[in-house]
Each structure stands twice: as structure tokens, then as C-alpha cells.
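Novice: Need the 3D shape of this:
(one chain, ligands or ions: 4)
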Amino acid sequence: MFRRALPAVALIVFSILFFPYASHARESVLNILYTGAMRGELEPCGCSPETQSGGLARLSGYISANKAALTPYVLVDAGNSFEGDKPQARLKSEALVRSFAVMGYDAAALHISKTDIDDAFITGLVAQHKAGALPQGKSMKAVRDGLKINISSDEKLAKKGMINVLLSGRTVAVLKDVKGWDVIVTSSGEELEGPVQAGKTIIVSGFPKGQKLGVLSLRLKDGRVTGSTHRWQPLMKDVAEDPEVRSILKDYDQKVAALLKEEELKPVIGGQYLGAESCVECHQSFAESWKTTKHAGAFATLERVGKSKDPECVKCHVVGFGEEGGFLSLKATPGLANVQCESCHGPGREHAADFGPMRPVGMDVCLKCHTPENSPLFNYQEYYEKIKH
Ligand code: HEC
Ligand code: HEC
Ligand code: HEC
Ligand code: HEC
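Specialist: Ligands and ions are numbered 1, 2, ... in the order given. I've put the predicted structure just below:
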């Protein structure tokens, strides 16, 4: 009896032992790590605790610290990475391409761009820094654990028998009708909570300004996608920075500072802005109260973070930046550093001479600097209480 049953028992035992392995061999996962719509954002400004997520140094730090858990993965950028073609924007493009090279991007669709940008300049950067750029209308092949992945920026270049990933700059609504792709990553800048499923295609969108890393995990069987999960990886202060990318960003800060030709800056003699020192003469008590506010230390804040020569930061942390007679640099116009009386009340030269009325100060004045982006917690009543004098 037992003997006769033996083959059956052996078969069952065999199946139990080997079945999981047999099926395992065909099942696998692949992580698509993606960014897009970086728009030249190298790191968050740090103006508010609410807007602290992101930055290339943390992105790189996160990926290298979690390599084992993320593997197998491909790292892609869907484009709209640059800000434009002005001198500072070009320095950003350079820092971005260099950082992408350090992170080992498999494919970055650098040519997908809504801004005016010189192609030859970008091509030069890519060649110089050996970044994994995906040229226009091309495909590239990546292999992970024997799985063949086709990454392309051309909607017509999906390939049979491969995992197809399209990098695009078009909107999700339009991409819903594009067939033949397992995954589409767009850099349209749309902020999605998670992937959009369109038929067999999973559409994801790079988080604007690189504030979060998209992690799309594909489940595969016999090289076909059977399911997926998705998460946004925040990049907050607790993520250790990659020192190599940090040094690229430091280099960027120095190059931006060098754009400022201090020797050539000539302060306007008799300009419309006087600086708080002049107001003190007649408004002692107001000046005392102003000195206790954070406005009085706004320039020191920039010095602390190494951005006191970056016009993109300086403009809100001083008096009259970009205006005739306003702040130029600490050296040229030391009396106009910090957010002072005239940042709110307007230029005071005439008033100091004739005691005439100053510009009325209401919420609209605050909002020029307290933008939703730089001061998301701004509330006029609460903030006014802290500065009233
Ligand atoms: C549009 C105006 C604006 C620009 C541009 C701007 N800031 Fe600010 N910044 C602010 C305001 C407003 C606050 C105060 C926010 C609050 O407390 O709600 C602030 C606060 C800060 C703080 C926080 C200071 C503290 O108390 O801890 C830092 C740091 C800072 N900014 C750095 C920068 C840097 C670096 C840049 C450039 C990359 C920059 N800012 C560009 C308006 C600006
Ligand atoms: C020229 C730009 C500018 C204008 C105009 C401006 N602020 Fe600010 N404000 C800043 C900056 C920059 C900081 C951050 C200073 C720092 O901490 O280094 C700040 C910080 C503050 C803070 C401190 C926030 C905190 O965390 O304690 C308050 C309060 C504030 N502003 C209120 C106002 C109000 C109210 C107005 C309008 C009546 C106003 N500000 C107008 C630039 C400006
Ligand atoms: C952050 C913006 C801000 C800054 C900086 C600021 N003020 Fe004011 N100030 C206001 C607001 C708001 C009021 C009240 C509304 C109004 O009277 O227009 C005010 C009111 C005043 C008044 C009129 C008070 C009254 O009772 O009528 C004087 C004078 C004055 N400020 C002087 C100064 C001087 C001097 C400084 C610099 C040492 C200064 N302010 C800095 C926003 C500011
Ligand atoms: C030489 C003295 C003197 C100087 C310097 C001076 N003020 Fe005044 N300020 C006055 C007098 C006097 C008044 C009151 C005028 C009135 O109410 O008729 C006044 C009123 C004000 C008011 C409230 C009235 C209004 O029209 O808004 C503000 C705000 C103000 N000054 C801001 C400033 C600022 C900012 C500076 C520096 C750029 C400054 N003042 C420099 C003498 C001065």
C-alpha cells in the first residue's frame, strides 16, 4: 500500500520543494526611479520649514545609501530639467548635468524642454561630463537581471519582447492615447498623487522641481508586467547628502558669485533709497523694534548658507534689489542689506526732506516676498503681530 503510494508522495514532496523555485525564476521586480520637470532647481531655498524637500545632493545621497534595497532599478529623467539660457540658468544646467552623471542616470531626456535652450550647449555638457543622456528620437537598451528594458523618447520606438519605458514631456491627458508602452514618464510638471493607468500603460509624472523621487516598482512574470506599486520618496533634511554632488553645488555657488562683478558696481549717488540708518535719526523707537525682527538679520541668513551673492536669493533679503538706487552688493551698498524700513515703506529720500507721506503698507507689500513658495505659512494677521512697531 505504502509502496504504491510512494511515487505520488515523492511527487508531492518534489513539488513542495521545487515549485516555489520554479515559479520564482520567472517572477521578478524592476524599480523605475524617475524624475522630470526639475526646471533647474538644484536644491530648495530653505526659506520655510514647509518647503525643505528636494535637492540633488539628497537625491544622490538617498540613491547611493539605498542601492541594495532599490536594485534592480533604472534611473531616468523625463526632461524639462533646465530653466533657460541666461548666464545663471546655464550654470544651473551645468551643475545638473554633472550631478546626473554622478548619480549614474541611465537615461535623461535632456532635449525635452519647454524653455529656450541652446542644444549645442547641452550636447557639449553631456559629452564633457559623460552623462547618460538620451538623444532626441532615440532608444537605449538597459539590462537588469537578464530583463531587457527599452527606454526611448520617441513614441514610435516601442520594442517587442522588452519592457518599454517612454520619456515624454506631454500631458497625461494626451499620453493616455499613446499605445505600446509599459511605462510612460512625463516631465509635463503635473503633480500626480500616484500613477495613472491607461489600458496597459502606467503613466507617471516627475515631481515638479525634484522635490520628491518617484519610485515605481513593477512586478513581472516571464518578462511581462503583472502589477505595480508606487511611492514618492521625500528628500528631507534627514537624508544624508552625497558629498560629491554637494561639491558640485558649491562650485555652482562660486560661479554664480563670480557673475557678480563687484568692482564694476557703482552705487547711485543721491539715490531714492537711504537705508535704515537715516530713518533712525527721526524714528529711533521704530528702529529699535525693527532690529528685534528677523528682517534685520535677513542678509546674515544668506551669508550663513553661502548665498549672499546669488541674485535669485538676494532679491527678497535686501532693500530695493534690481531698482534704481537699490541694493547691488554688500560691498557697493552695505547700508541696503537686510529687509529694512524702505523694503516695506518704499524709498525715503523725499520723505526725509519734506516729511511727506510714505507709500501705504498693506498685505500686498508683504506678498512680494512672502510668496506661497517662499513663505507658505504666511498669514497676514499673525505675521503683522510679529513686526508691528
Ligand atoms: C520671493 C522672495 C524670496 C526669495 C527669492 C528667497 N527668499 Fe529666503 N525667505 C523669504 C521669506 C519671505 C522668508 C521668511 C519665510 C517665513 O518665515 O515665512 C525667507 C526665509 C529664508 C530662510 C530662513 C531663515 C530662518 O529664519 O531660518 C533662509 C535660510 C532663506 N530664506 C534662504 C534663501 C535662499 C538660499 C534663497 C535663494 C535660493 C532665498 N532665500 C530666496 C523670501 C525669499
Ligand atoms: C523685501 C522682502 C520682504 C518684505 C516686503 C516683507 N518681508 Fe517679511 N521676511 C522677509 C525675509 C527674507 C524674511 C526672513 C528673514 C530671515 O529669517 O533671515 C522675513 C521674515 C518675516 C517674519 C519672521 C517669520 C518668522 O518665522 O518669525 C515675519 C513675521 C515677517 N517677515 C512679516 C512680514 C510682514 C507682515 C510683511 C509686510 C508688512 C513683510 N514681512 C514684508 C522678506 C520680506
Ligand atoms: C515688514 C514691513 C515693515 C518694515 C520692515 C518696517 N515697517 Fe514701519 N510699518 C509697517 C506697517 C505694516 C505699518 C502700519 C501700517 C501703516 O501705518 O502703513 C508701519 C508703520 C510705521 C510707521 C507709522 C506708525 C504710526 O503710528 O503711524 C512708521 C513711522 C514706521 N512704520 C517707520 C518704520 C521705520 C523707521 C522702519 C525701519 C526702522 C520700519 N517702519 C520698518 C511695516 C514695516
Ligand atoms: C528728518 C527726520 C525724518 C527722517 C530722516 C525720516 N522721517 Fe519719517 N517721519 C518724520 C516725521 C516728522 C513724520 C511725521 C509726519 C507727519 O505725520 O506729518 C514721519 C512719518 C513717517 C511715517 C508715517 C507717516 C506716513 O506718511 O506714512 C513713516 C512710515 C515714516 N516716517 C517712515 C520713514 C522712513 C522709512 C524713513 C527712512 C527712510 C524716515 N521716515 C525718515 C521724519 C523723518
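
Novice: Break down the stretch 151-300 of the chain into its helices, ranges please.
Specialist: 172-175, 243-259, 276-280, 284-291, 298-304 (DSSP state H, counting those that start in this stretch).

Novice: in the last one, what counts as buried?
Specialist: Taking 16 or more other Cβ atoms under 10 Å as the neighbour-count basis, helix 298-304 is seen to contain the buried residues A298, F299, T301, L302. Placement of C-beta: from N, CA and C, glycine included.

Novice: now do stretch 213-229
Specialist: Quick answer for stretch 213-229 (16+ other Cβ under 10 Å): L213, G214, V215, L216, S217, L218, L220, V225, S228.

Novice: Quick check, the last one in contact with S217.
Specialist: Okay, so that is S228. Yes. Between S228 and S217 there is a contact under Cβ atoms under 8 Å: 6.2 Å.

Novice: sorry, back to before: return the closest of the buried residues of helix 298-304 with respect to ligand 4.
Specialist: Nearest to ligand 4 among the buried residues of helix 298-304: A298, at 16.4 Å, using Cβ to the nearest ligand atom.

Novice: Tell me how far that closest one lies from S99.
Specialist: Distance, A298 to S99, using Cβ to Cβ, to the nearest Å: 29 Å.

Novice: now do Y73
Specialist: 18 Å.

Novice: quick one, which of the two is more surrounded?
Specialist: When Y73 and S99 are compared for neighbours, S99 comes out ahead with 26 against 22, by other Cβ atoms under 10 Å.

Novice: what kind of secondary structure is that one in?
Specialist: helix (DSSP: H, G, I helix; E, B strand; the rest coil).

Novice: In contact with it, which residues?
Specialist: S99 sits next to L42, L56, A57, S60, V245, I248, L249 when contact means Cβ atoms under 8 Å, 6 or more residues apart in numbering.

Novice: measure the fifth one to ligand 1 for me?
Specialist: In this case it means V245. Distance, V245 to ligand 1, using Cβ to the nearest ligand atom, to the nearest Å: 17 Å.

Novice: ok, now which ones touch that residue?
Specialist: V245 makes contact with L56, A57, L59, S60, G61, S99, V102, M103, according to Cβ under 8 Å, 6+ apart.

Novice: again with the first one
Specialist: Residues counted as contacts of L42 (Cβ under 8 Å, 6+ apart) are G55, L56, K92, A95, L96, S99, L249, Y252.

Novice: again, 6 Å this time
Specialist: When the contact criterion is Cβ atoms under 6 Å, 6 or more residues apart in numbering, the partners of L42 are L56, A95, L249.

Novice: Can you give me the neighbour number for L336?
Specialist: A total of 26 residues lie near L336 under the criterion other Cβ under 10 Å.

Novice: Out of the helices of the stretch 151-300 of the chain, which gets nearest to ligand 4?
Specialist: Nearest of those to ligand 4, taken as Cβ to the nearest ligand atom: helix 276-280 at 2.8 Å.

Novice: Packing partners of the closest one?
Specialist: Other helices and strands packing on helix 276-280, by 3 or more Cβ pairs under 6 Å, 6 or more residues apart in numbering; DSSP states H and E, are absent; none qualifies.

Novice: Between the two ends of stretch 153-165, how far is it?
Specialist: In stretch 153-165, first residue to last residue: 9 Å (Cα to Cα, to the nearest Å).

Novice: next helix or strand past the helix or strand of the chain with the lowest mean pLDDT?
Specialist: One helix or strand of the chain scores below all others by mean pLDDT, DSSP states H and E: helix 2-24, with a mean of 52. Using DSSP states H and E, the helix or strand that follows helix 2-24 in sequence is strand 27-35.

Novice: Parallel or antiparallel, which strands does that next one pair with?
Specialist: strand 73-77 (parallel), strand 212-221 (antiparallel) (DSSP bridges).

Novice: Just put those in CSV and tack on mean pLDDT.
Specialist: Converted to CSV, the strands paired with strand 27-35 look like this (pLDDT from 0 to 100):
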stretch, mean pLDDT
strand 73-77, 98
strand 212-221, 97
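
Novice: circling back: mind putting the helices of the stretch 151-300 of the chain in TSV, mean pLDDT included?
Specialist: Converted to TSV, the helices of the stretch 151-300 of the chain look like this (pLDDT from 0 to 100):
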stretch	mean pLDDT
helix 172-175	98
helix 243-259	97
helix 276-280	96
helix 284-291	96
helix 298-304	98
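
Novice: How about the contacts made by A101?
Specialist: Applying Cβ under 6 Å, 6+ apart to A101 gives the contacts H129, K130, A131.

Novice: Looking at the contacts of L42, which is nearest ligand 2?
Specialist: Nearest to ligand 2 among the contacts of L42, with distances taken as Cβ to the nearest ligand atom, is L249, at 20.5 Å.

Novice: and the closest residue to K237 other than its chain neighbours, how many neighbours?
Specialist: Excluding the flanking residues, the one nearest K237 by Cβ to Cβ, 6 or more residues apart in numbering is Q52, at 6.3 Å. Counted with other Cβ under 10 Å, the neighbours of Q52 add up to 18.

Novice: How much space separates Q52 from E43?
Specialist: As judged by Cβ to Cβ, Q52 and E43 stand 10 Å apart.

Novice: same thing with V239?
Specialist: To E43, V239 is 12 Å away according to Cβ to Cβ.
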